[in-house]
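Novice: just need the structure, nothing else, for what follows:
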Amino acid sequence: MKKEFIICLIIIVLIIISNIVTQNYTKECVAQMHQKLEVLKQVSLSKNVDKSSISKEIENIENNWNEFQEKLAYYIEHDELEKVETQIWTIKGFEEIERYDEIIPELEKCVFILEHIQDKTKLNVKNIF
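Specialist: Prediction:
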């Protein structure tokens, strides 16, 4: 009986530690992506729209997301990650056809999805049950 209790306790501790590590990484990824999306938003809202800087920011966002997605895919549903990637491709599409006013709502959707992913991965009573 004592061995089983110790094994269960070790498993619970490992689950909690792994959740803390993954939650911190998710929080870091979401914060960095949010910051980069905010920079793109400010560039898109400027009166003198610089096409090259918008293109550069979108490429930067896409590269960062690809790096984050590789590690996030280990513990987050792929459907959730694909939603963010779809939004990034939509933003990229609007940039290619030079519809910069359409980029802003897509940026907001992308931020919402990222925050949803962060909330969904939190270890709390609501997510357990």
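
Novice: going forward, measure contacts and count neighbours with C-alpha atoms only.
Specialist: Fine.

Novice: pLDDT-wise, which helix or strand of the protein ranks last?
Specialist: Lowest by mean pLDDT, DSSP states H and E among the helices and strands of the chain is helix 125-128, with a mean of 62.

Novice: ok, now how distant is the closest residue to Val43 other than its chain neighbours from Asn64?
Specialist: Of all residues not flanking Val43 in the chain, Ile54 sits nearest, at 6.5 Å (C-alpha to C-alpha, 6 or more residues apart in numbering). Using C-alpha to C-alpha, to the nearest Å, Ile54 is found at 15 Å from Asn64.

Novice: compare those two (neighbour count), which wins?
Specialist: Ile54 (20 against 15; other C-alpha atoms under 10 Å).

Novice: helix, strand or coil for that one?
Specialist: Under DSSP: H, G, I helix; E, B strand; the rest coil, Ile54 falls in the helix class.

Novice: contacts only, for it.
Specialist: Going by C-alpha atoms under 8 Å, 6 or more residues apart in numbering, Ile54 touches Leu40, Val43, Ser44, Glu95.

Novice: ok, which pair from these is furthest apart?
Specialist: Val43 and Glu95 (12.0 Å; C-alpha to C-alpha).

Novice: quick one: the strands in this structure, in order.
Specialist: Using DSSP state E, the chain contains no strands.

Novice: how about the helices in it?
Specialist: 2-45, 51-72, 78-96, 103-120, 125-128 (DSSP state H).

Novice: which of those sits most buried?
Specialist: helix 103-120 (a mean of 18; mean count of other C-alpha atoms under 10 Å).

Novice: and it, what does it pack onto?
Specialist: helix 2-45, helix 78-96 (3 or more C-alpha pairs under 8 Å, 6 or more residues apart in numbering; DSSP states H and E).

Novice: what packs against the shortest one?
Specialist: Just to be clear, that refers to helix 78-96. helix 51-72, helix 103-120.

Novice: tell me the mean pLDDT over it?
Specialist: Here helix 78-96 scores 92 as its mean pLDDT.

Novice: then that helix to CSV, C-alphas only?
Specialist: Extracted C-alpha coordinates of helix 78-96, given in CSV (Å, rounded to 0.1, in the frame of the first residue of the first chain):
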residue,chain,number,x,y,z
HIS,A,78,-3.2,20.7,-33.8
ASP,A,79,-6.6,22.2,-34.7
GLU,A,80,-5.9,25.1,-32.3
LEU,A,81,-2.5,25.7,-33.8
GLU,A,82,-3.9,25.5,-37.3
LYS,A,83,-6.3,28.3,-36.5
VAL,A,84,-3.4,30.6,-35.7
GLU,A,85,-1.6,29.6,-38.9
THR,A,86,-4.7,30.2,-40.9
GLN,A,87,-5.0,33.7,-39.5
ILE,A,88,-1.3,34.4,-40.4
TRP,A,89,-1.9,33.2,-43.9
THR,A,90,-5.0,35.4,-44.2
ILE,A,91,-3.0,38.4,-43.0
LYS,A,92,-0.3,37.5,-45.5
GLY,A,93,-2.9,37.3,-48.3
PHE,A,94,-4.4,40.7,-47.5
GLU,A,95,-0.8,42.1,-47.5
GLU,A,96,-0.2,40.6,-51.0
